[in-house]
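1. One predicted model, sequence on top.
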Protein chains: 2
Amino acid sequence: MSTKLSDIGEFGLIERLTKDIKIKNPSTLTGVGDDAAIIDYKDKVAVVSTDMLTEGIHFNLMYVPLKHLGYKSVVVNLSDIYAMNAIPKQITVNIAVSSKFSLQAIEELYSGIHLACKYYNVDLVGGDTTSSMTGLVISITALGEAAKEDIVYRGGANETDLLCVTGDLGGAYMGLQLLERENEVFKVNKQMQPQLSGYDYILERQLKPEARKDAVEIFKKLGIKPTSMIDISDGLSSEILHLCKTSGLGCDLYEDKIPMDKQTKAMAEELNINPIVAALNGGEDYELLFTIPLSGHEKVKNDPDITIIGHMVKKENGANLVTTGGSSIPLQAQGWNPLKK
Amino acid sequence: MSTKLSDIGEFGLIERLTKDIKIKNPSTLTGVGDDAAIIDYKDKVAVVSTDMLTEGIHFNLMYVPLKHLGYKSVVVNLSDIYAMNAIPKQITVNIAVSSKFSLQAIEELYSGIHLACKYYNVDLVGGDTTSSMTGLVISITALGEAAKEDIVYRGGANETDLLCVTGDLGGAYMGLQLLERENEVFKVNKQMQPQLSGYDYILERQLKPEARKDAVEIFKKLGIKPTSMIDISDGLSSEILHLCKTSGLGCDLYEDKIPMDKQTKAMAEELNINPIVAALNGGEDYELLFTIPLSGHEKVKNDPDITIIGHMVKKENGANLVTTGGSSIPLQAQGWNPLKK
């Protein structure tokens, strides 16, 4: 019997590979199934997250500078640590490179890695540097710390909780569309200079995203602790469905509440894409999606970094997008899935 | 300026990439430069190690069964944890696969990963499953635990310390030579059955190596604590030079003391290879190389799992192989280096 991986997709594969796992060690508080695993060291807990980026799948070196790539590789991991309401402290970096890369190219990649470590106050504590037959593969593991009682899981949302998001969405996806368009133009005519002016924000969202290291502080300042949280790497739809499934709830998401930058909307119009689709299915925004009790409404409603985009409901209601026109459409996990082509 | 990676090799590259790292967090006890990093969680320390295996470089799927590959991928990481005198507790697993792999193939790989987790009592707590343009890449991070005072670093050896090794050496390398030979025969004539009988031990050393999970217990039983330790992944020469360099010492290694299995010697004779070369430069044995004070001689001399192979000397003497004929040859790090072709 031979089943194509594309037939089951990434989530299907992960479910098959992890369904029989039984925890054996008392220090393993939680394993697979959240943004990060939690290891109990009594005095505090360690939060462990890991991600892999492969050339040709996650990045195109035709338009992604190596320094930006190094920076982003670190950020995507730290984002998972922040999504547990923890502070990242250490990373390990594994890279496999083919002979097409020079020492200078790898140093450029690492200059981005080191820059991210500096900005996020994280130590690079180990790694493996090896060769590959083709292309570049980067695999990073991040370790964070928190007091056990501060950890926020995906599964803690309650009915009537408010659904909130930091920052704005869809920008990284629209930045990618712009880069892809200009790359196509360049492939046809090498003399053409890319037309990128006026779109610096969405380009930065794609090429040099930041993780929400301010979130832990914002929550403290506002006096709220999210009941559930996840980072937005695969698109809002997919992440909302994770929160709903793990918390055993449904939700209503309001189309007109989804925060988007004007550049995101402008680029979407230029490319004739519905900007809501970019926010729902685009991914790579690395904002935080979280729920808070209804009683926290007054605390967050005027915060410039947080937008209330919906609320949790009974599981039976399902997870729905309430459109500007008032109709209710079930959310679908069309999130970024490299195994489904 | 463009420097070929092959001109500086893996160790040269690592040195360039890590030379300016400054530790920022108090919980980071030690970072790069040992088998694993040490993170301080007050009650105990976490020991973190990571490794990456790429198809065509570290393994050939023509003769490496996927289940064995999964098992070995875990073992090589756990070996680094044991080399710090710590107990592995958790792993994360990242894989990138191309579309040539079926669900069943990946499940076969994971059955080996799960088997290793079971045998070594380790929890699989997270990971990333993604796609690659070509081939299979496996990146694993292992987390272990120890009391801070039990950790054994590479740099703790003292002059006159005895140099010891667990098990026997060179077997994994000779197993690989046998598999490579039979694979060449098979490529020429697909009808040929591989001639592997009588070499089960060295084949197992290559295809299904074990990490020395018994070492921590053996040390306790014998009442010794190594002054320095490293696992033998790149070959005895390379590992001895690591211990010498980090400890600021030299050493005398005695050729006639290096433990080798009779199958290792027989295969070396059949292939006209000096078996000492397999032990010194072959790698992948995953035995432990360590030093103990001279006073520990009586305690280890009769232990069936430990062989005294030399002793530490002043740095000025250098690191030398004392041959059976009595001459002294400087050891060279000709260890397995995928970046040097």
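-> Received the coordinates, thanks.

2. residue ranges of the strands in the stretch 151-300 of chain A, please?
-> Chain-ordered strands for the stretch 151-300 of chain A, with DSSP state E, counting those that start in this stretch as the definition, fall at A:162-166, A:228-231, A:250-254, A:288-292.

3. can you redo these as a markdown table with mean neighbour count?
-> From N, CA and C alone the C-beta is placed, and that goes for glycine too. As requested, the strands of the stretch 151-300 of chain A are arranged in a markdown table below (neighbours: other C-beta atoms under 10 Å in any protein chain shown):
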| stretch | mean neighbour count |
| --- | --- |
| strand A:162-166 | 25 |
| strand A:228-231 | 26 |
| strand A:250-254 | 21 |
| strand A:288-292 | 27 |
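
4. In this structure A:Gly235 contacts A:Leu280, no?
-> Yes - applying C-beta atoms under 8 Å, one finds A:Gly235 in contact with A:Leu280, separated by 5.8 Å.

5. Quick check: closest non-adjacent residue to A:Ala147.
-> Leaving aside its sequence neighbours, A:Ala147 sits nearest to A:Lys44 (C-beta to C-beta, 6 or more residues apart in numbering or on different chains; 5.9 Å).

6. residue contacts, that neighbour?
-> With contact set as C-beta atoms under 8 Å, 6 or more residues apart in numbering or on different chains, A:Lys44 has these partners: A:Glu145, A:Ala146, A:Ala147, A:Lys148, B:Tyr41, B:Lys42.

7. Count the neighbours of A:Lys314 for me.
-> 12 (other C-beta atoms under 10 Å in any protein chain shown).

8. mind checking how far it is from A:Cys251?
-> A:Lys314 is 10 Å from A:Cys251, where distance means C-beta to C-beta, to the nearest Å.

9. How about A:Glu180?
-> In this structure, A:Glu180 and A:Cys251 are separated by 32 Å, where distance is defined by C-beta to C-beta.

10. go on, A:Asp231?
-> Using C-beta to C-beta, one gets 17 Å for the distance from A:Asp231 to A:Cys251.

11. one step back: pLDDT score assigned to the residue nearest to A:Ala147?
-> In the predicted model, A:Lys44 carries a pLDDT score of 89.

12. What does it show for phi and psi?
-> Backbone torsions of A:Lys44, given as degrees, to the nearest 10, read phi -150, psi 180.

13. Over to A:Tyr82?
-> Here A:Tyr82 shows phi and psi, under degrees, to the nearest 10, equal to phi -60, psi -30.

14. Now do the contacts for it.
-> Under the criterion of C-beta under 8 Å, 6+ apart, the contact list for A:Tyr82 reads A:Pro88, A:Ala211, A:Arg212, A:Lys213, A:Ala215, A:Val216, A:Asp231, A:Leu288.

15. how deep is the third one tucked in, by neighbour count?
-> One way to gauge burial is a neighbour count; for A:Arg212, by other C-beta under 10 Å, it gives 20.

16. That one and A:Val152, how far apart?
-> According to C-beta to C-beta, A:Arg212 and A:Val152 sit 13 Å apart.

17. now the fourth one
-> Counting by C-beta to C-beta, the separation of A:Lys213 from A:Val152 is 15 Å.

18. The helix or strand harbouring A:Phe11 packs against which elements?
-> Assessed by DSSP states H and E, A:Phe11 sits inside helix A:5-18. With contacts defined as 3 or more C-beta pairs under 8 Å, 6 or more residues apart in numbering or on different chains; DSSP states H and E, the secondary structure elements packing on helix A:5-18 are helix B:103-119, strand B:123-131.

19. Give me the contacts around the following helix or strand past it.
-> Along the chain past helix A:5-18, the next helix or strand (assigned with DSSP H and E) turns out to be strand A:28-30. Contacts with strand A:28-30, where a contact means C-beta under 8 Å, 6+ apart, come from A:Ala37, A:Ile38, A:Ile39, A:Asp40, A:Val45, A:Lys148, A:Tyr153, B:Lys89, B:Gln90, B:Asp123, B:Val125.

20. Let's see if you can find the most crowded of these.
-> If you rank the contacts of strand A:28-30 by neighbour count (other C-beta under 10 Å), B:Val125 sits at the top with 29 neighbours.

21. doesn't B:Gln90 make contact with that one?
-> Yes - with contact defined as C-beta under 8 Å, B:Val125 and B:Gln90 form a contacting pair (4.7 Å).

22. Relative to chain B, how far out is A:Ser139?
-> 4 Å (C-beta to the nearest C-beta, to the nearest Å).

23. contacting residues around that residue?
-> When contacts are counted by C-beta under 8 Å, 6+ apart, A:Ser139 touches A:50-53, A:93-95, B:50, B:52, B:94, B:128, B:137, B:139.

24. ok, back up a step: worst mean pLDDT among the helices and strands packed on helix A:5-18?
-> Within these, the stretch with the lowest mean pLDDT is strand B:123-131, showing a mean of 91.
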